[in-house]
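In: sequence plus predicted model, see below.
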Amino acid sequence: MRIATWNVNSVRARLPRVTAWLDAVRPDVLCLQETKATDADFPRAEFETLGYRVESFGQPSYHGVAIVSREPLTGVFRGLPDAAPDEDRRLIGGDLRGVRIVGVYVPNGTEVGSERFAAKLRWFGRLRAMLEAATKPGEPLVVCGDFNVAPEERDCHDPDAWRGRILFHPDERRALVQLMDWGLVDLFRLHEEGAGHYTWWDYRGGAFRLGQGLRIDLMLASAALARRCRSVVIDREARKGERPSDHAPVLAEFAEDPGGG
DNA sequence: ATGGTTGCTTAGCAA
């Protein structure tokens, strides 16, 4: 089974690129973040033409997540369990062939020390509480998406410059560690130890051309699923060319469950 | 250097 995640920064603005990528790669599942479309405005037909189903949890203008998959997900859930009715739409999940898949768009935080920054830190704790309440240890689980924090120095092109900034502040990295301490493994690091592998480059200042990126799009998995992970690839090619997202997609491959299913 | 770019929705916000 192959599962991908991509912050597309508007599914409508990115539609030709996303559908072309999907048709070329043909993953079983693609989790989308920053769809920036209501469920009614999601360009569903273009995905269905390619043989994919769409589960969307969107809102106008900002944020929004979705999962597209070749087979239907079961037990689809939308939002954190303790979310207020008017809260930003940042989480969607469901089950496929015995694997629980959760797509997340962690709040950016906007500015270190702001109320939004505090809410970002709390969001990691709320996600952990959801896993504790709803997921059994030993269950195959992947939590993937835009975490808006680079885990380690090797995930940041200039750690000294970024240490106190949003996306690489020590408080954010600590919040991520506390989430992962529930029992989540950074799948990319099972296969690659080196620095210089990024998933996001700021639109401003020619960051992509200059190699100034951060690895903030992650696939985190329980041990039960991590042991089945065969590869994780960041598709930098998808960040090139005309009108790209500021994020590259990440694709993971898993061996089938030896227990069947 | 408190800059720069992009998208949504139409001037300001969020990222």
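Out: Structure's in. What do you need?

In: chain A: helices as residue ranges?
Out: Under the criterion DSSP state H, chain A contains helices at A:15-25, A:44-48, A:115-134, A:159-162, A:170-180, A:188-191, A:223-226.

In: does stretch A:124-139 come close to DNA strand B?
Out: No. Stretch A:124-139 is not in contact with DNA strand B by CB under 7 Å from any atom of the strand; minimum separation 15.0 Å. Backbone N, C-alpha and C define where each C-beta goes, glycine included.

In: list the contacts of stretch A:130-142.
Out: With contacts defined as CB atoms under 8 Å, 6 or more residues apart in numbering, stretch A:130-142 is touched by A:3, A:80-81, A:98-102, A:143, A:182-184, A:187, A:219-225, A:228, A:252, A:257.

In: contact partners for the closest residue to A:Gly109 other than its chain neighbours?
Out: In this structure, A:Gly109 finds its nearest non-sequential neighbour in A:Lys120, 3.8 Å apart by CB to CB, 6 or more residues apart in numbering. Counting by CB under 8 Å, 6+ apart, A:Lys120 makes contact with A:Val106, A:Pro107, A:Asn108, A:Gly109, A:Asn148, A:Glu172, A:Ala175.

In: how about A:Asp82?
Out: Contacts for A:Asp82 (CB under 8 Å, 6+ apart) come out as A:Arg126, A:Ala129.

In: quick one: end-to-end length of stretch A:137-144, please.
Out: 18 Å (CA to CA, to the nearest Å).

In: oh, I was asking about stretch A:76-90
Out: End-to-end distance of stretch A:76-90 (CA to CA): 14 Å.

In: same check, this time on stretch A:225-238
Out: 26 Å.

In: contacting residues around that stretch?
Out: By CB under 8 Å, 6+ apart, the residues outside stretch A:225-238 that reach it are A:6, A:17, A:21, A:25, A:99, A:140-142, A:185, A:187-188, A:190-192, A:197-199, A:215, A:217, A:219, A:221, A:244-245, A:248-257.

In: spell out which parts of the stretch 51-200 of chain A neighbour DNA strand B.
Out: Residues of the stretch 51-200 of chain A found near DNA strand B (CB under 7 Å from any atom of the strand) are A:Pro60, A:Ser61, A:Tyr62, A:His63, A:Asp88, A:Pro107, A:Asn108, A:Thr110, A:Arg116.

In: buried only: go through the residues you listed for me.
Out: Using 16 or more other CB atoms under 10 Å as the burial test, these include A:His63, A:Asp88, A:Pro107, A:Asn108 as buried.

In: quick one: the residue of the stretch 151-261 of chain A found nearest DNA strand B from A:Glu253, how far?
Out: At 3.6 Å from DNA strand B, A:Arg204 is the closest residue in the stretch 151-261 of chain A, using CB to the nearest atom of the strand. Distance, A:Arg204 to A:Glu253, by CB to CB, to the nearest Å: 34 Å.

In: and these two? Which one has more around it.
Out: Between A:Arg204 and A:Glu253, counted using other CB atoms under 10 Å, the more crowded position is A:Glu253 (17 against 7).

In: and the more buried one, what does it touch?
Out: By CB under 8 Å, 6+ apart, the contact set of A:Glu253 is A:Met1, A:Arg2, A:Cys229, A:Arg230, A:Ser231, A:Val232.

In: pLDDT value on it, please?
Out: In this model, A:Glu253 is scored at 98, pLDDT.

In: that one and A:Arg122: what is the separation?
Out: Taking CB to CB, one finds A:Glu253 at 33 Å from A:Arg122.
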